[in-house]
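In: no sequence on this one, just coordinates:
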């Protein structure tokens, strides 16, 4: 099991990237979790990722930033309590190199074209609300194949 919370991961991302949109943060957290499963064989955090209409969302993270368009490290400071290992930082840093330069909309569109999100939302219409969980297994399987 992971020793971090999603707030720990969010805090680290925001410390590195500064102020970003809440939507972009959700997608960067998603990709960090996905690639950690591939590269490190374990999740960064235990909170579930849900397949919402606008892409993957971690509800616990959403609860913290609900109503905010942009977020900063100060948003999560009181919730982040664990230190990341050097390996966890390296994983997230690599994800940030690959994805942080993309817009929130690009990241959302990208997740919509990838199997884990598609599978989790298979019984829903395009814009229908839903809270289906994207399984860790589907993340590991898909991202290890690309």
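Out: In hand now; what should we look at? It should be emphasised that the depicted structure is a prediction, and the values quoted were computed from it without experimental measurement.
In: Tell me which other helices or strands the helix or strand of the chain with the lowest mean pLDDT touches.
Out: The weakest-scoring helix or strand in the chain, judged by mean pLDDT, DSSP states H and E, is helix 73-76 (a mean of 90). Under the contact criterion of 3 or more CB pairs under 8 Å, 6 or more residues apart in numbering; DSSP states H and E, helix 73-76 touches helix 6-17, helix 59-65. Any C-beta I mention is one placed from the backbone N, CA and C, and that applies to glycine too.
In: helices and strands around the first one, which ones?
Out: With contacts taken as 3+ CB pairs under 8 Å, 6+ apart, helix 6-17 sits against helix 22-39, helix 59-65, helix 73-76, helix 86-99.
In: What residues sit buried inside the least confident helix or strand of the chain?
Out: By neighbour count on 16 or more other CB atoms under 10 Å, the buried set for helix 73-76 is 73, 75-76.
In: which intervals of the chain have sub-threshold pLDDT?
Out: For the chain, applying pLDDT under 70 flags the ranges 1.
In: follow-up on the earlier one: out of the helices and strands packed on helix 6-17, which one sits most buried?
Out: Of all the helices and strands packed on helix 6-17, helix 22-39 has the most neighbours on average by mean count of other CB atoms under 10 Å, namely a mean of 24.
In: From residue 77, how far off is the closest residue to residue 30 other than its chain neighbours?
Out: Excluding its sequence neighbours, the residue lying closest to residue 30 (CB to CB, 6 or more residues apart in numbering) is residue 56, at 4.1 Å. When distances are taken as CB to CB, to the nearest Å, residue 56 and residue 77 turn out to be 24 Å apart.
In: Also residue 87?
Out: Separation of residue 87 from residue 77 (CB to CB) stands at 23 Å.
In: One more: residue 63?
Out: Note on residue 63: its distance to residue 77, by CB to CB, is 16 Å.
In: before we move on, the earlier item: give me the more crowded residue out of residue 56 and residue 77.
Out: residue 56 (25 against 13; other CB atoms under 10 Å).
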